[in-house]
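**Student:** structure for the following, please:
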Amino acid sequence: KPEAYIMVKGVTLKDVSAESFVNAYAAQLKKAGQLQVPSWTGIQKTACYKELSPYDPDWYYTRTAAIARQIYLNQGMGVGHLTIRYGGAERRGNRPNRFRRGSTMVARSCLKSLETLGIIEKASNGGRKITKAGQRELDTIAASVARN
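**Tutor:** From the prediction side, this is the model:
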């Protein structure tokens, strides 16, 4: 059989590296054109401690793909946990650094975008969980990443 028809059996999102999966899924989200990118993404900072917005013009696709991966791995994550996950050190000059959370607006917007695509849904006990269709789509992308 040609290489295009060879399926990698039993490959899930947990079997591929995070960076390669997020890059592949972000490229797929951009290519599909179904994700509605908000108008504020050009000026929005990703956290209160950042000085500038991201240099990458496609950062919203990357963040959405990374959040989809996090929800797949940790069912029941909500906006609050995602802001902790994407937080970092606030530089305060000669004083010691402090941890600051990431932007709740970015996390909530990415979650809503994934909900409209049918990848995730609200969990009964709070937070979000992956849907069956979403798990199938993410595992298909993981298999294509593992194949390459």
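
**Student:** quick one, strands of this protein?
**Tutor:** Counting by DSSP state E, the chain has strands at residues 88-92, 95-100, 120-122, 128-130.

**Student:** okay if I get these as JSON lines plus mean pLDDT, mean neighbour count and distance to Gly76?
**Tutor:** To be clear about C-beta, it is placed using only N, CA and C from the backbone, and glycine gets the same treatment. Below are the strands of the chain laid out as JSON lines (pLDDT from 0 to 100; neighbours: other Cβ atoms under 10 Å; distance: least, Cβ to Cβ, whole Å):
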{"stretch": "strand 88-92", "mean pLDDT": "94", "mean neighbour count": "12", "distance to Gly76": "23"}
{"stretch": "strand 95-100", "mean pLDDT": "96", "mean neighbour count": "10", "distance to Gly76": "22"}
{"stretch": "strand 120-122", "mean pLDDT": "95", "mean neighbour count": "18", "distance to Gly76": "10"}
{"stretch": "strand 128-130", "mean pLDDT": "95", "mean neighbour count": "22", "distance to Gly76": "6"}
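
**Student:** turn these into JSON lines, including distance to Arg108.
**Tutor:** Output for the strands of the chain, formatted as JSON lines (distance: least, Cβ to Cβ, whole Å):
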{"stretch": "strand 88-92", "distance to Arg108": "19"}
{"stretch": "strand 95-100", "distance to Arg108": "17"}
{"stretch": "strand 120-122", "distance to Arg108": "12"}
{"stretch": "strand 128-130", "distance to Arg108": "11"}
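
**Student:** so which of those strands gets nearest Lys14?
**Tutor:** strand 128-130 (12.6 Å; Cβ to Cβ).
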